[in-house]
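Enquirer: One predicted model, sequence on top.
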Amino acid sequence: MGKIIAIANQKGGVGKTTTSVNLAASLGVLEKKVLLIDADPQANASSGLGVDVDAVELGTYQVLEHTISAKEAIVSTTSPNVDLIPAHIDLVAIEIELVDKQNREYMLQKSIMDIKDDYDYILIDCAPSLGLITLNSLVAADSVIIPIQCEYFALEGLGKLLNTIKSVQKIHNPNLDIEGLLLTMFDSRLRLSNQVVDEVRKHFSSMVFDTIIRRNTRLGEAPSYGESIIAYDATSKGAVNYLNLAQELLKKNA
């Protein structure tokens, strides 16, 4: 049975989508069958894997609406062993449309039940908010990876996210685990980056991944070519970091 991992942080620009796309690609290269669900209306994970977002007709929106099955929304990608449920800007409307629905927090969980066994890992790229789409993602997930940027405001909002996770555990999904906190955009030349790493490790110790994602130009360039860092430049620091993260994740779940 596949493991469902949400990649979440309500703070924008912390490397959620970069992590979703490149962790999926790295797990694929390590011969795991992966499904990436784009649950962000900005649809950056979809375009980051080479999908023309404007041409998406079936995706996360229709899956959450239950007008199609999750299986019908799956598209294959050029990344080995990686499939995708793409997003489109119309996903913005789902927050309003689900408000009156009964069991609105369980829409995604119900939809992906029948495909869970088809994959080793299902990753969900969450929107930078704690709205209904992110709530659906946390309810559907077995665990959550929280990317934290190595910058001054890194820990701001983390408490809010951890409280949201606690209330999801309490009310909707008692089995939800924190897979780990992932330090991203690390620059070893900056004293501040090193301070953030020390601070996070001091407060959260065993919850923090050993792997740190370093700032890397190639990592920033890859999405503009619709490719993961593995396909764009497999020898870059970014590719090595994400492959290490994938191996650490597999070891943890062995």
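Expert: In hand now; what should we look at?

Enquirer: Just the strands from the stretch 101-250 of the chain, written as ranges.
Expert: 121-126, 143-149, 177-186, 208-214 (DSSP state E, counting those that start in this stretch).

Enquirer: The first one pairs with which strands, and in what direction?
Expert: In the sheet containing strand 121-126, the strands it pairs with under DSSP bridges are strand 3-7 (parallel), strand 34-39 (parallel).

Enquirer: From the chain's centroid, how far away is that strand?
Expert: 5 Å (Cα atoms, centre = their mean, to the nearest Å).

Enquirer: Could you report the neighbour count for residue 192?
Expert: Look at residue 192: counted by other Cβ atoms under 10 Å, it has 12 neighbours. C-beta: built from backbone N, CA, C; applies to glycine.

Enquirer: and it, what does it touch?
Expert: 150, 151, 152 (Cβ atoms under 8 Å, 6 or more residues apart in numbering).

Enquirer: Weed out the non-buried ones from these.
Expert: 150, 151 (16 or more other Cβ atoms under 10 Å).

Enquirer: What pLDDT is listed against residue 155?
Expert: Looking at residue 155, its pLDDT is 77.

Enquirer: so what's it up against?
Expert: 148, 196, 199, 200, 203.

Enquirer: Could you list which residues are in contact with the third one?
Expert: It stands for residue 199. So residue 199 contacts 154, 155 (Cβ under 8 Å, 6+ apart).

Enquirer: do the same with the fourth one
Expert: With contact taken as Cβ under 8 Å, 6+ apart, residue 200 is in contact with 148, 154, 155, 181, 183, 208.

Enquirer: Buried subset of these, written for PyMOL?
Expert: The PyMOL selection below is limited to those of the contacts of residue 200 classed as buried (16+ other Cβ under 10 Å):
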select buried, resi 148+154+181+183+208
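
Enquirer: and which of the contacts of residue 200 is nearest residue 41?
Expert: residue 148 (22.9 Å; Cβ to Cβ).

Enquirer: follow-up on the earlier one: just put the contacts of residue 200 in a markdown table and tack on distance to residue 31.
Expert: Shown next, in a markdown table, are the contacts of residue 200 (distance: Cβ to Cβ, whole Å):
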| residue | distance to residue 31 |
| --- | --- |
| 148 | 29 |
| 154 | 34 |
| 155 | 36 |
| 181 | 27 |
| 183 | 27 |
| 208 | 27 |
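
Enquirer: So which of the strands of the stretch 101-250 of the chain is the most surrounded?
Expert: strand 121-126 (a mean of 27; mean count of other Cβ atoms under 10 Å).

Enquirer: Which single one of the contacts of residue 155 is nearest to residue 73?
Expert: Nearest to residue 73 among the contacts of residue 155, with distances taken as Cβ to Cβ, is residue 148, at 30.5 Å.
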